[in-house]
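Undergrad: just coords:
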């Protein structure tokens, strides 16, 4: 293995979705895919089913926060940044909890 993600099944799923897409649909990829495959998924679906119609997940419009439209690559980078920030926050609080334990405190008291 060379460390690269195997996207064979992702692309196969995109092909299957395209072949069965009869009306407007939402296509969602797992947030842990590497940067780049969303454009490929879109291209596969468009190639197989040029009339395929995509839309933003409807319940997002029911929330009281702004919807930002962006291209696929920017959305992937935003997701990567958000995941990295979350990992940083978790690591930080784990370190604070370990420090609290050493001094006889409980991180929940903070």
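TA: Everything's here; your move. Computed from a predicted structure; not experimentally measured. Numbers count the residues shown, from 1 in each chain.
Undergrad: buried stuff in stretch 10-24?
TA: Of the residues in stretch 10-24, 10, 14, 17, 18, 21 count as buried by neighbour count, 16 or more other C-beta atoms under 10 Å. C-beta: built from backbone N, CA, C; applies to glycine.
Undergrad: inside helices: which ones of the residues you listed?
TA: Taking DSSP state H as the definition of helices, the buried residues of stretch 10-24 contribute 10, 14, 17, 18.
Undergrad: looking at the residues you listed, which is nearest residue 42?
TA: Checking those against residue 42 by C-beta to C-beta gives residue 14 as the nearest, at 8.3 Å.
Undergrad: check contacts around the closest one.
TA: Neighbouring residues of residue 14 by C-beta atoms under 8 Å, 6 or more residues apart in numbering: 27, 40, 41, 44, 45.
Undergrad: check residue 25 too.
TA: 17, 52, 53, 54, 55.
Undergrad: and if we set it to 10 Å?
TA: 17, 45, 52, 53, 54, 55 (C-beta atoms under 10 Å, 6 or more residues apart in numbering).
Undergrad: show the backbone phi and psi for it.
TA: When read as degrees, to the nearest 10, the backbone of residue 25 gives phi -150, psi 160.
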